[in-house]
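Trainee: I'd like to go over a predicted model; first the sequence, then the structure.
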Amino acid sequence: MKTNSKLLVILFIAAISLSTVSRTNAQPGTKNMKDSTPEERAQFQTNMMKSKLKLDSGQVSKIREINLKYAKKIQPIITGSDGRFSKMKQAMALQKQKDSELQNVFSKDQYQQYQAFEQEMKNKLTEKLKQN
């Protein structure tokens, strides 16, 4: 069970990095995650959720607030000097809280789509890690 938790933590941090890398590749001149602001990360996440989950304007507003709240909370973790495991543990705890808040805004179908997308990102990341 501990190994599974560690893998999830690693995958979460890597998923954030992967989404930032794909954003950087798609948009020349953008910053990497460590150099991006919480506002930039929150806006990127909101835009992605808006397009993938077909959010209405009321949802977009609420999701933007949640994304910004957690982007600000994770900033000290990203830039901090704690070890990788400590950072991953903190990030996973925040992600769990964030998912709970998102679930209250999404419809059942949207939340299932969100979970499927998160799983897809984890799978892609796992494959990428296996190749390295």
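Mentor: Sure thing, it's come through.

Trainee: Pass me the low-pLDDT residue ranges in the protein, would you?
Mentor: Applying pLDDT under 70 to the chain flags the ranges 1-34.

Trainee: swap the cut-off to 90 and go again
Mentor: Filtered on pLDDT under 90, the chain yields the residue ranges 1-35, 78, 84-85, 88, 121-122, 124-132.

Trainee: If you count neighbours, what's buried in stretch 95-114?
Mentor: In terms of neighbour count (16 or more other Cβ atoms under 10 Å), stretch 95-114 has its buried residues at 95, 98-99, 101-102, 105-106, 110-111, 113-114. Bear in mind the C-beta positions are built from the backbone N, C-alpha and C, glycine included.

Trainee: Okay, now that stretch: how far is its last residue from its first?
Mentor: By Cα to Cα, to the nearest Å, the extent of stretch 95-114 from end to end equals 13 Å.

Trainee: Contacts only, for E120.
Mentor: Residues near E120 by Cβ atoms under 8 Å, 6 or more residues apart in numbering: none.

Trainee: give me every residue that touches the closest residue to K72 other than its chain neighbours.
Mentor: The shortest distance from K72 to any non-neighbouring residue, by Cβ to Cβ, 6 or more residues apart in numbering, is to P38 (4.5 Å). For P38, the contacting residues are 68, 71-72, 74-75, by Cβ under 8 Å, 6+ apart.
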